[in-house]
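1. Fold the following for me, if possible:
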Amino acid sequence: MSKFVALAGGVGGAKLALGLTEILSPEQLSIVVNTADDQEFYGLHVSPDLDTMMYTLSGKSNEKLGWGIKDESFRTLSELKKLGLDSWFQLGDLDFATHIYRTNLMKQNMTLSEITDKLCKAHGLEFPIIPMTDDRVRTILTTESGDLNFQEYFVKYFCEPQVTTIRFDGIQNAKPSPNFLTALEEADYLLYCPSNPFLSLHPIIFLPGVLDLLKSFDGKRIAVSSIVNGDAIKGPTAKLLKELGEEISAVGIAKHFAEICDYFVLDDIDSHLIPKINSLGIKSFQTNIIMNSLTEKTNLAKFLLNLCD
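-> Prediction:
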């Protein structure tokens with residue numbers, strides 16, 4: 001029985017993970033998720049990428065918004081606003097329960113990995129969702145408006161400020177979570193989901209020791225582009241590529257995986273870029289990578305697994 005590890009963050013990661021769960025068993029697939037987007041709101045620990053993955057795989061996500069829980073209400077947030085608190089980060093009433101539960105257990109000295117496992121079981125999930133670390137790491141973007149944490153940049157300011165550098169505060173003292181290391185050690189194949197490389201995958205990859213493990217990984221390593229036809233499938237990837245002086249194309253994404261990837265999958269519309277990507281030492285393949293329907297998510301997952309044969 002082959003085992004797979006998927007590194008993921010954001011909506012793109014959750015979409016592909018859902019497709020993979022349609023094909024693989026929980027014993028075959030481990031999903032390692034970015035936690036550098038985590039932030040505290042109203043005294044509660046919020047883990048947006050973990051929750052997006054959990055809600056997506058349990059069938060509870062608000063697909064229209066791309067975050068939160070479907071059929072959500074916002075009465076608590078409305079009351080907090082009336083009390084004079086910031087309300088730019090849209091936490092729904094059902095979503096609040098997740099964060100209250102997580103924060104309560106953290107105060108009891110449980111690790112984020114242990115809490116995530118309990119949350120997944122409560123949502124009926126058998127597939128392991130693994131935080132990249134149990135330590136505090138925070139994405140900070142240096143912009144024309146000063147330093148912003150990820151949620152300020154992404155939600156409060158709609159990704160509008162121009163970014164000059166990105167750093168991950170606390171990463172030098174963080175350790176990969178034990179379950180992450182175990183999953184990587186036991187895996188036969190490694191998948192990089194079509195997540196933002198700067199904001200979702202770099203925090204995972206640049207945890208101490210992880211880059212070396214990815215370089216020396218014995219099995220096939222497959223990455224999926226998060227850029228199609230010169231634009232991001234979702235989010236600020238294309239904008240960040242431009243502002244940080246990189247090529248706004250699937251080639252620009254592939255360069256982020258040059259040392260840690262064997263195969264790179266790009267969209268059919270970008271097939272003309274295959275020779276350029278192959279010149280990086282990565283073998284590239286084309287297919288439809290736009291995942292709007294469950295069928296498209298599953299088809300992309302099947303395509304990736306066929307490359308592993």
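2. Ile289 against Pro194, yeah?
-> Yes - counting by Cβ atoms under 8 Å, Ile289 does reach Pro194; the two are 6.4 Å apart. (Each C-beta comes from the backbone N, C-alpha and C, glycine too.)
3. got any residues that touch both of those two?
-> 224-225, 233 (Cβ atoms under 8 Å, 6 or more residues apart in numbering).
4. Of Ile289 and Pro194, give the one with the bigger neighbour count.
-> Pro194 (32 against 26; other Cβ atoms under 10 Å).
5. any idea how far the more buried one lies from Ile222?
-> From Pro194 across to Ile222, the span is 11 Å (Cβ to Cβ, to the nearest Å).
6. Trp175: neighbouring residues, count only.
-> For the record, residue 175 is Lys, not Trp. 14.
7. got a list of what it touches?
-> 133-135, 207-209.
8. likewise Asn34?
-> Applying Cβ under 8 Å, 6+ apart, the residues near Asn34 are 8-10, 13, 49, 132, 195, 199-201, 203-204.
9. What sits closest to it if chain neighbours are left out?
-> Gly9 (3.4 Å; Cβ to Cβ, 6 or more residues apart in numbering).
10. any idea how far that neighbour is from Ser47?
-> 11 Å.
11. try Gly10
-> From Gly10 to Ser47 the distance is 13 Å (Cβ to Cβ).
12. which one of the two has more residues nearby?
-> Neighbour totals were compared for Gly10 and Ser47, and Gly10 leads with 28 against 23 (other Cβ under 10 Å).
13. from what I can see the more buried one touches Ala232, true?
-> No - at 10.7 Å, Gly10 does not count as touching Ala232 under the criterion of Cβ under 8 Å.
14. And the strands in this structure?
-> In the chain, the segments counted as strands under DSSP state E are 4-8, 29-33, 39-41, 44-46, 129-131, 138-143, 146-149, 163-169, 189-192, 220-224, 227-228, 231-232, 263-267, 283-287.
15. Looking at these, spot the one closest to Gly252.
-> strand 227-228 (6.7 Å; Cβ to Cβ).
16. The residue nearest to Asn34: neighbour count?
-> Gly9, neighbours per other Cβ under 10 Å, totals 29.
17. what's near enough to touch it?
-> Gly9 touches 33-34, 37, 49, 193, 195-196, 199-201, 203-204, counting by Cβ under 8 Å, 6+ apart.
18. please redo it, this time with the cut-off set to 7 Å
-> 33-34, 49, 195-196, 200-201 (Cβ atoms under 7 Å, 6 or more residues apart in numbering).
19. List the ones among those that fall in helices.
-> Residues of these located in helices (DSSP state H): Asp49.
20. Among the contacts of Gly9, give me the pair with the biggest separation.
-> Val33 and Asn196 (13.2 Å).
21. Of the two, which one has the most company?
-> Val33 (31 against 26).
22. excluding its backbone neighbours, what's nearest Gly281?
-> Leaving aside its chain neighbours, Gly281 sits nearest to Ala258 (6.5 Å; criterion: Cβ to Cβ, 6+ apart).
23. neighbours around Gly209, how many?
-> Neighbour count of Gly209, defined by other Cβ under 10 Å: 10.
24. re the thing from before, which of the strands of the chain has the lowest average pLDDT?
-> Mean pLDDT per stretch puts strand 231-232 lowest among the strands of the chain, at a mean of 91.
25. list the buried ones in stretch 141-154?
-> In terms of neighbour count (16 or more other Cβ atoms under 10 Å), stretch 141-154 has its buried residues at 141, 143, 148-154.
26. My error: substitute stretch 251-264 in the last question.
-> Buried residues in stretch 251-264 (16+ other Cβ under 10 Å): 251-257, 260-264.
27. Of these, which belong to helices?
-> Per DSSP H, the buried residues of stretch 251-264 map to helices at 251-254.
28. Just the closest of those to Thr295, please.
-> Ile253 (24.3 Å).
29. Give me the distance between that closest one and Gly66.
-> For Ile253, the distance to Gly66 - Cβ to Cβ - is 20 Å.
30. Check Asn292 too.
-> In terms of Cβ to Cβ, Asn292 sits 12 Å off from Gly66.
31. between these two, which one's more packed in?
-> Applying other Cβ under 10 Å to Asn292 and Gly66 shows that Gly66 carries more neighbours, namely 16 against 9.
32. For the nearest residue to that one once chain neighbours are set aside, give me its contacts.
-> Of all residues not flanking Gly66 in the chain, Val11 sits nearest, at 4.7 Å (Cβ to Cβ, 6+ apart). Contacts for Val11 (Cβ under 7 Å, 6+ apart) come out as 52, 66, 234.
33. hang on, isn't the last one packed against Gly12?
-> Yes - here Lys234 reaches Gly12: they are 6.1 Å apart, a contact under Cβ atoms under 7 Å.
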